[in-house]
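> quick one, what's the 3D model for this:
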Amino acid sequence: MLIIDTSVLIDALHRKDATIRKIRELEETGETLCTTQINVLELYKGAFTPTRSEDGLKKIKKMLSALQILPIDEDTYEMFGELAAVLKDRGDAIGDFDELIASIALIQGAAVVSRDGHFGRVPGLKVISL
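Take a look at the predicted model:
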């Protein structure tokens with residue numbers, strides 16, 4: 001299972017060739033391509049910043065229809081609390097949203113596909129960097 005992070009989803013929305021090729025390559029592995037509710041929120045925020053973009057909303061909805069969207073559940077709450085505390089104690093906090101995405105990935109045994117290198121600071125998290 002692969003969780004596609006917002007940075008990669010945005011590049012895909014903008015039809016960046018390298019990102020599209022990488023996503024197709026990942027699809028060919030047979031892994032389930034997913035994202036999280038957090039990533040969906042970030043995409044919708046972008047569609048309204050600075051003003052509402054109907055075209056952007058349509059593209060987001062179309063892209064999300066091809067992905068499984070992983071929820072936040074009870075196990076995630078606990079993992080998030082523990083992970084956030086560990087990262088803060090080490091001076092390696094990556095922000096609440098990304099710590100929550102990482103928590104979902106850890107619970108699901110999924111890798112995160114991202115351009116954001118800070119995911120590499122999360123203990124035990126598998127990261128595929130673009």
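
> low pLDDT regions in this structure?
Low-confidence segments of the chain (pLDDT under 70): none present.

> and the helices in it, which stretches?
With helices called from DSSP state H, the chain shows them at 6-13, 17-28, 37-47, 54-64, 74-90, 96-108.

> ranking the ones you listed by burial, who's on top?
helix 96-108 (a mean of 22; mean count of other CB atoms under 10 Å). C-beta here means a position set from N, CA and C on the backbone, and glycine is covered the same way.

> about what we covered before: of all the helices of the chain, which one comes closest to Leu125?
helix 96-108 (5.4 Å; CB to CB).

> how far off centre is the closest one?
What separates the centre of helix 96-108 from the centre of its chain is 9 Å, taken as CA atoms, centre = their mean, to the nearest Å.

> contacts for it?
With CB atoms under 8 Å, 6 or more residues apart in numbering as the test, helix 96-108 has contacts from 1, 3, 5, 34, 36, 38-39, 42, 70, 72-73, 75-76, 79-80, 83-84, 87, 93-94, 110-112, 116, 118-119, 122, 124-126.

> returning to what we had before: now the helices of the chain in TSV, with distance to Leu130?
Below are those laid out as TSV (distance: least, CB to CB, whole Å):
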stretch	distance to Leu130
helix 6-13	6
helix 17-28	6
helix 37-47	15
helix 54-64	16
helix 74-90	22
helix 96-108	15
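
> chain neighbours aside, what residue packs nearest to Ala84?
Spatial nearest neighbour of Ala84, excluding adjacent residues (CB to CB, 6 or more residues apart in numbering): Glu99 at 5.1 Å.

> what of Leu26?
In space, and not counting its chain neighbours, Leu26 is closest to Leu2: 5.9 Å by CB to CB, 6+ apart.

> what about the one you found, how many neighbours?
22 (other CB atoms under 10 Å).

> identify the residues contacting it.
For Leu2, the contact set (CB under 8 Å, 6+ apart) comprises Leu26, Glu31, Thr32, Leu33, Cys34, Ala110, Ala111, Val112, Val113, Ile128.

> does Gln37 touch Gln68 like I think?
No - taking CB atoms under 8 Å as the definition, Gln37 is not a contact partner of Gln68, at 11.4 Å.
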